[in-house]
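Engineer: here is the input, now give the coordinates:
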Amino acid sequence: MTVTGTPSHLSAAERRALGRQARHRVPLEAQAGWQPPPGRPDPVGLLEAQNATREPDLVPVRHGRMMVSAFTFYRGSAAIMAADLATRRTARLDVQLCGDAHLSNFGVYASPERQLLFDLNDFDETLPGPFEFDVWRLAASFVIAARHNQFEPSDVREICLTVGRSYREAMAEFAQQDTLDVWYARLSEAELRAGMKQARRSLVALDKDSKGHQHAAAKHAGASIKSGEALLRKAHRRTNLQALAKLTEVVDGKQRIVSQPPVLIPRRELEKYYELDAADVEDIIRQFFARYSVTLSDSQRRLLDRYTIVDVARKVVGVGSVGTRAFVALLEGRDERDPLFLQVKEATRSVLEAHLPRSAYADSGQRVVEGQRLLQSASDIFLGWSAGIETDRFYYWRQLRDMKGAAVVEAMIPAGMTFYAQICGWTLARAHARTGDPVAIAAYLGRKRRFEKAVAEFAEHYAVQNDHDYEAFLDAISSGRIEAREGV
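Structural biologist: Numbers count the residues shown, from 1 in each chain. Below is the predicted model of the structure:
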């Protein structure tokens, strides 16, 4: 086996045999259910351990964002679930894991050919490991999100079954495809639109009465289509020029990033946060940028050389990432109407590295970048990494807004979330098929519905565990054990 579990020189029959052998070792039914193991770590303690290396002024912001709901708590608590999943039996069929494959870590973005694609979009925790880790985290996220949206239990169940079924059926398809066909597979905007229309037709057809009249499903399907189309339109508008209008101001005839502390703190105000004078800040930026540029190909570096750094700011992003160091850089090409925004995010150790073999890369930034390139159907041309000025901090770079868009999970209705579960399941299977052995995994999953039923049962039980952990987290805030700052 290679690092991601693909046999190098085995026939398809031998690879199928590996999958069937794995099912004998770990039956599909073993995927079901959840009981906290004896001596389970304190969930709040795991979060506190992560905070030790984070920006002290942003740790309360992280807690404030996590306390909004059980769903936002789940988004920020990948370390807790990683510790839990490490106690479970797996088929030992490894892939390159996303590591944090909850439903909000999927979305649309522009390919280098300027085509809108749907794919995974967060790789901070990526690491080789058992394929089940990603499936379990994704399935549980749908249950938690659906319950937060107050869906009926039957809808929650169907959504969760859809995740597992879509993953299993897609993996079976990839197992039949040539290697390059799997590698080139992608979910384009045109295919997204076609899928939404097909889902609407199917739902409406199922909801006709004996006289052919439409009921509520037709309205729900129409609302989901409109929501999806609005997401795609919005993504097309999220460009560097849109970011320029939102994030900058003109002072003395020059563009600069606006000040919106603590979410956005421009270079001119960073001195008081890091005890550096202006000259030190300028020197660090130059060193930082030079280290990043050498990780790009010659063609990409020549393109980057056409831009000049205009301004830099610390920028708070996401939920789980809050408190790690993150910056945005404004660069200028031909003139002030030719901007490029790059996002620079700190890459810490993956939460999975405490439970799985450590990354082959000493630089966590490179770990994230290489994992993203493996998992995504196409990646940002400016994707790269660099070590920080401090020897124990690492970063990765990418475009800030390159037609990126994410679904508003809290606004989803059952029909929309069911369709979303289907495309997320397919996308995760495609990522795993690129980096693992789709033939062996498909043979392990089989053709019947046992896999999705077991995954759904686990997800439903783990959602209850997440509720308990969320309550413990809120109690820790109420008691003063940890501090939270809401509304930021």
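Engineer: quick one: Q50 from Y462, how far?
Structural biologist: Here the criterion is CB to CB, to the nearest Å. By it, Q50 lies 20 Å from Y462. (Glycine included, C-beta is placed from N, CA and C.)
Engineer: try L192
Structural biologist: Taking CB to CB as the criterion, L192 is separated from Y462 by 29 Å.
Engineer: who's more crowded, Q50 and Y462?
Structural biologist: Under the criterion of other CB atoms under 10 Å, the comparison of Q50 against Y462 puts Y462 first, with 24 against 21.
Engineer: host element of that one?
Structural biologist: Y462 belongs to helix 450-478 when assigned by DSSP states H and E.
Engineer: which other helices and strands contact that helix?
Structural biologist: Using 3 or more CB pairs under 8 Å, 6 or more residues apart in numbering; DSSP states H and E as the contact criterion, the elements in contact with helix 450-478 are helix 43-51, helix 59-66, helix 70-76, helix 78-85, helix 131-148, helix 153-175.
Engineer: can we see that at 7 Å?
Structural biologist: On a contact count with 3 or more CB pairs under 7 Å, 6 or more residues apart in numbering; DSSP states H and E, helix 450-478 meets helix 43-51, helix 70-76, helix 131-148, helix 153-175.
Engineer: just give me the residue right at the centre of the protein.
Structural biologist: For the chain, the residue sitting closest to the mean C-alpha position, by CA atoms, centre = their mean, is N105 at 2.8 Å.
Engineer: correct me, but that residue touches D124?
Structural biologist: No - using CB atoms under 7 Å, N105 is not in contact with D124; the gap is 9.2 Å.
Engineer: quick one: pLDDT of T4?
Structural biologist: You'll see T4 listed with a pLDDT of 52.
Engineer: which ones are touching the closest residue in space to C160 that isn't next to it in sequence?
Structural biologist: The spatial neighbour of C160 that comes closest, neighbours along the chain excluded (CB to CB, 6 or more residues apart in numbering), is A456 at 4.2 Å. For A456, the set of contacting residues under the criterion of CB atoms under 7 Å, 6 or more residues apart in numbering consists of 139, 157, 160-161, 164.
Engineer: measure A456 to A170 for me?
Structural biologist: 17 Å.
Engineer: how many neighbouring residues does S259 have?
Structural biologist: S259: 13 neighbours (other CB under 10 Å).
Engineer: quick check: closest non-adjacent residue to it.
Structural biologist: The shortest distance from S259 to any non-neighbouring residue, by CB to CB, 6+ apart, is to P266 (5.5 Å).
Engineer: any idea how far V328 is from that neighbour?
Structural biologist: For P266, the distance to V328 equals 9 Å [CB to CB].
Engineer: shared neighbours, those two?
Structural biologist: Contact criterion CB under 7 Å, 6+ apart; residues bridging P266 and V328 by contacting each: A313.
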